[in-house]
Each structure stands twice: as C-alpha cells, then as structure tokens.
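Enquirer: Sequence first, then the predicted structure, then my questions.
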Amino acid sequence: MRRIFSLIMIIVLLVSFAGCGTKEVEESAPPETGGDTEVVGALNDNPLSDVRVRQAIAYAIDMDALAASLLEGKALPANSLTPNGPWKVDGLNNYEYNPDKARELLEAANWDADYELDVVYYYGDQLTVDLMTAIQAYLADVGMKMSFRKLEGDLTALLWTTPADPVNGPSEVDWDLAYAGIAALTMHEYYNRHQTGATSNSHTPGDTELDELIQATNITANIEEQIAAFKELQKYENENLFSIPLYYQQVFVYSSDRIDRKGMPYGNEQFAYDWRIIDWDIEADANGDRILYSNTGPIEFFETPFVNPGFKMPQKFLFDRLITADGALTPTEGQLAESYTVSDDGLSIEFVLRDGVTWHDGTPFTAEDVQFTVEYSSKVPQLNAIAQTTYMSLEGYEAYMDGSADHISGIVIDGNKVTFNFASLDPNALMTFSQWPPLPKHLLENTDPIQAQQASFWQAPVGTGPFRIEEVNMNDYATFVPYEGYWDEGTGNIEKIHLYPSGESDPNIVINAESNRLDYAYNKSVADANAVEKIEFMEVHPVDIRYTRLFYVNKFEKQ
C-alpha cells in the first residue's frame, strides 16, 4: 500500500510540472483514422456530447505511465474497446499523453472550467481509488475539475437505465463518466451496447452512422467478414470516442493447494464454461469436512444473470445452461439440452432437452421454462446486449414486445424439444444459449421483469445446477451443498461450498487466502495477484481474456 501511495505522489508531482516538460507528441492522427473529428459543437446541453471534450480527456491522461506504475506492468494502454490481436485495425490514434493538445481542444469547445465531472465506479479495491486520484490530477492539469464516488445498491439501475427517448434523452442516470470494464463474451458485446435504444445504453444518444457500422458486424456469421466490419467500426470509434478506452488487463484465478481440479481448464471466469466443479477434489479439514471456501457470496441479494451471466460464484453452480462452452468460450456440447441441431442457414436451432432434470425444489424442468425465460428476459431493461440481440432476432419478437402477441412465435415447443426460429441471422445465438440459464417459470412468472432484481426469488434462487442453497445470511455467509437430484453424478468430493460476501473486487482476498479460508477465487486486481503469489500454498493463474477497462461517457442531456 505504501508503494502505491508513493507512486500516486510521483504521478501527481509529475502532472503539476507538465507545463515545464510536456512530451513531444504528434498532434495529428495517422491517416487511417482521419485525425480528430471535425464537429461544430456539442450535440446538446451536455458538454460531454462534444467530441472535442472527450478527445481532450483522452489526451490529458498519461495511460502509459499509469500502466507502468500503478498497474505494475500488468496492463496495456488501450486505443479501442477491441483488444490487440487479429480483430484489431492498424493505425489507430493512441491519444498519447499531450496536455497541450487537451487544453487546445477544451478551449475550442468552450469548456466551462467551473464544471465538475462526476465520475462513478463500482469496484471496491484500493487500486481503483488510486487510479481515480491520478486521473483527477491529470484532468486538473488541463483545467478540468473531477470528483469520484463508488456506487452502491442496484448497480444495473444506477448505471444502465436507458432514457425513454434514446436519441434526445434526457439522461436517466446521474453521472458523467463511469469507470467500468467489459469482459466481452464476443466481439459484438463491446459495441452492441452502444446501439440506439439498447437496453444497457444509458450513455450514448442515437447515432445513425454508428448504428449502421455496428449492424454490419451482426449480419454475417462469416468470421472474415466480421473482422472487416469490426475494423471499420473501430476507425469511427477511435475518432469519436463514444466511450474512452483506458487499458487491457488479464484476469487472475487463485487456487489453494487443497484443490485438485482434475485438469479442468482455467477460462474467462466472468462467464459460464465447462469448468466441471463436480469433478474437483478437495482435501478434508481438521474436522474431516470437505468444504471449498470462496468469495462473491450475496451482499443484499443474489445477482441476477441478466447482465453478467457468470461472474459471481452462485451463478456458476446454481444454474445449468442449455449447452456449455469450453475454456475459450466456444460453444460445445449440451448440458440441459442432450443435443442440438443448427440449420444450414443458421436461422433455426433445435434443442432436445435432457430427461429427468428437476429444479432444486423437485419441480420438473420443462420446455416451458425455456420459453418463459427468453420471453421474461426480453423485458428486463438491463439485459446483456449479446442475449438481447439473440432474442430480438427471433420471429415474432416485436409482436410479443408491443403486446400484440402473447408469446414469441419463433419459439416452438414440441414435448421435450424447443426450436428457435430466427427472422434474421444472429452470429452469436449459440453463445447466448451457453451463457444465459433457463429460470423456473413456476417461481418467477408472477414477478415484474422491469424490476427483475427486486423479486424475492433472488433472496434464495432455485436452479438446476449441481449445488443448491443450504443456508444464507446476507452480507455474512452463504453455504451450498450438492443437489441430490442432479442429473450428472460427477467424480468430485466437495461436500459444501462456503462463500463470503463480496463484489467483483474483494478487499479480503489476501487476508482470507493467508488464513486458509480461500480455496478458489478470481479478480482483476494487480495488487491482489502480487500478494497472493507470495503465499506458499496459493497459486495464481493469469488468463488472457477479452477485457477492457474504460470510461463510459454519458452524453445525454441532463434532467
């Protein structure tokens, strides 16, 4: 902690002398990007709707220095939401640190020096606070005031509520910049959330050109055509900065020497994949009990899977999916579906459900649960953009959503078969069914999808997964035991899972690991990874994933 504080002080001191020793930086972007976008001013009364202000913020932050110091070399500065690799276009403007350029852009945009940017975040780690402190100093150096605060409570509502008018607003959220991360399931997830009226688009007013570029990535299942479309989209993104990318980072998976994972892969832990916890073995403790200790237990409620389908531990083992995915998140074999078939044109997928599957309360799992889940989820305002795109592509989706039909006609049930017929191609449909689990119709059909998280069901959810709830004390602990009616016996010996409450950022990971009270966990904290690496009986497994930290920029007119 002392080292981090020292780094912050060095950065603040460097920023304070920026006027004496500004970097020599090429002011024009490479030809491929078209340079800084020419605009006539703000789109509305919100100064952040002026692209020059967003570009100024990017130029004002020395992300190279922050990556080397605060992030201790375990991050790469980002110039796009798209991580480096085959999907990335060459020649993007890196917005290298240039405070003079930032000041010029702010002057051109008539920036009000008395305006104070309200920056929010939801991580609980010290590194986030240190990073916000450094960025605050960088922005102050170019004449921008900034305050920052941690959001608490129903984060999906506070962060992602979409304006009733998705073009003109006004905004339904109360912030200017939201520091967040996208752990993308597919490349489309980086960008679909910026489409006009997307259920999680609380920040970007409708933009016809942006919509067309995003749509071009969604109309083909051909990978080469997708890559070409994404590269064109990145050029527009890089010029307009509808969000401000900051850096790319790994995820760190922690495991104690008490666990034998039987060779199961380490994947992108924020999503669901075939990690086969029912095959894991764990050593017995002094009392002879085989208990696995982990984190991300419930604080006020169990997190719904509608936004993030697998980043909390309960989402991983309380629910099964129709099909599963491998460690690289490529859809593979069936789970609740014994088999599935995709038509040659990709416009129809048939799932044959496994016999004998029951919910944790003993109620049979049926095709009606699958249909109900898709229709219920379609009305959840904060539904993840990947799932939303899949459901929107179904035949009869619009008629169901406008109330002229009782069901989505593209979902056809025939005994234990469920067929999804699509009006338009969704290249990620199988990915959706590998991530978003069926939910119990008999327990949720009388609840309001508009306020999904508020349903009492999420105080003690019932799933079809290998472990069921044993006991819950909110914000204290939750325990889970193997579900005796589970369809797959497995080969593991875990008798109980004990979860401590935490969000994605857990300030107690190191303490619990040192105390032999943490057998499995993951997060993206560089400081935690460095500390856990030093514990003799713990291992840290860095995993390269699609993960970008960014500022969402609220460009809607304020209330």
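Expert: Here it is on my side, so go on. Numbering: from 1, shown residues only.
Enquirer: for this protein, which spans come out with low pLDDT?
Expert: 1-40 (pLDDT under 70).
Enquirer: Surely residue 393 is in contact with residue 423?
Expert: Yes. With contacts counted by CB atoms under 8 Å, residue 393 reaches residue 423, the gap being 6.3 Å. The way it works is simple: take the backbone N, C-alpha and C, and place the C-beta from them, glycine included.
Enquirer: Residue 76 sits in which helix or strand?
Expert: strand 75-77 (DSSP states H and E).
Enquirer: what's the distance between that strand and the middle of its chain?
Expert: With CA atoms, centre = their mean, to the nearest Å as the basis, strand 75-77 stands 18 Å off its chain's centre.
Enquirer: That one pairs with which strands?
Expert: When pairing is defined by DSSP bridges, strand 75-77 lines up against strand 243-249 (antiparallel).
Enquirer: name the helices or strands packed onto the helix or strand just after the partner strand?
Expert: Per DSSP H and E, strand 243-249 leads on to strand 251-256 as the next helix or strand towards the C-terminus. Contacts defined by 3 or more CB pairs under 8 Å, 6 or more residues apart in numbering; DSSP states H and E place strand 251-256 against helix 509-514, strand 520-523, helix 526-533, strand 538-543.
Enquirer: Now the third one: buried residues?
Expert: Neighbour-count burial for helix 526-533, with 16 or more other CB atoms under 10 Å as criterion, is recorded at 526-529, 531-532.
Enquirer: go on, the first one?
Expert: In terms of neighbour count (16+ other CB under 10 Å), helix 509-514 has its buried residues at 509-510, 512-513.
Enquirer: Those: which two are farthest apart?
Expert: Using CB to CB, the two most remote members of those are 510 and 512, lying 7.5 Å apart.
Enquirer: Check the burial of residue 361 by counting its neighbours.
Expert: Using other CB atoms under 10 Å, residue 361 has 12 other residues around it.
Enquirer: contact partners of the strand holding residue 76?
Expert: With contact meaning CB atoms under 8 Å, 6 or more residues apart in numbering, strand 75-77 is reached by 63-64, 67, 84, 94, 246-249, 526, 549.
Enquirer: Try it again at 6 Å.
Expert: 63-64, 67, 247-249 (CB atoms under 6 Å, 6 or more residues apart in numbering).
Enquirer: Ok, stretch 446-465 next?
Expert: Stretch 446-465 has contacts (CB under 6 Å, 6+ apart) with 154, 301-302, 304, 317-320, 357, 359-361, 365, 376, 379-380, 440, 443-444, 469, 472.
Enquirer: which among those residues end up buried?
Expert: 301-302, 304, 317-320, 357, 359-360, 365, 376, 380, 440, 443-444, 469, 472.
Enquirer: In strands, which of those residues appear?
Expert: Among those, DSSP state E puts 469, 472 in strands.
Enquirer: ok so, going back, following element in sequence after the strand holding residue 76, please.
Expert: Beyond strand 75-77 toward the C-terminal end (DSSP H and E), the next one is helix 99-108.
Enquirer: Can you tell me which helices and strands that next one packs against?
Expert: Under the contact criterion of 3 or more CB pairs under 6 Å, 6 or more residues apart in numbering; DSSP states H and E, helix 99-108 touches helix 51-60.
Enquirer: Only alpha carbons, please: show the helix or strand hosting residue 315 as CSV.
Expert: In the assignment (DSSP H and E), residue 315 maps to helix 313-317. Extracted in CSV, the C-alpha atoms of helix 313-317 (Å, rounded to 0.1, in the frame of the first residue of the first chain):
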residue,chain,number,x,y,z
MET,A,313,-19.9,-17.9,-7.8
PRO,A,314,-23.5,-18.8,-7.3
GLN,A,315,-24.3,-18.2,-11.0
LYS,A,316,-21.7,-20.8,-11.8
PHE,A,317,-23.1,-23.7,-9.8
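Enquirer: Touching it from outside, list them.
Expert: 277, 294, 296, 302, 305, 310, 465-467, 499.
Enquirer: residue contacts, residue 337?
Expert: 322-323, 351, 353.
Enquirer: Repeat that for residue 340.
Expert: 334, 351.
Enquirer: Quickly list what it is bridged to.
Expert: residue 351.
Enquirer: before we move on, what about residue 471?
Expert: residue 479.
Enquirer: That one contacts residue 479, correct?
Expert: Yes. The criterion here is CB atoms under 6 Å, and residue 471 meets it with residue 479 at 4.9 Å.
Enquirer: okay, those two: which has more neighbours?
Expert: Between residue 471 and residue 479, counted using other CB under 10 Å, the more crowded position is residue 479 (16 against 12).
Enquirer: Next up, the contacts around that one.
Expert: 470-471, 496, 498.
Enquirer: circling back: would you reformat the buried residues of helix 509-514 as CSV and include distance to residue 98?
Expert: Formatted as CSV, the buried residues of helix 509-514 follow (distance: CB to CB, whole Å):
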residue, distance to residue 98
509, 37
510, 37
512, 43
513, 41
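Enquirer: Which one of those residues is nearest to residue 555?
Expert: Nearest to residue 555, judged by CB to CB, of the buried residues of helix 509-514 is residue 509 at 35.5 Å.
Enquirer: Distance of the closest one relative to residue 293?
Expert: Counting by CB to CB, to the nearest Å, the separation of residue 509 from residue 293 is 11 Å.
Enquirer: and if you look at residue 434?
Expert: From residue 434 to residue 293 the distance is 28 Å (CB to CB).
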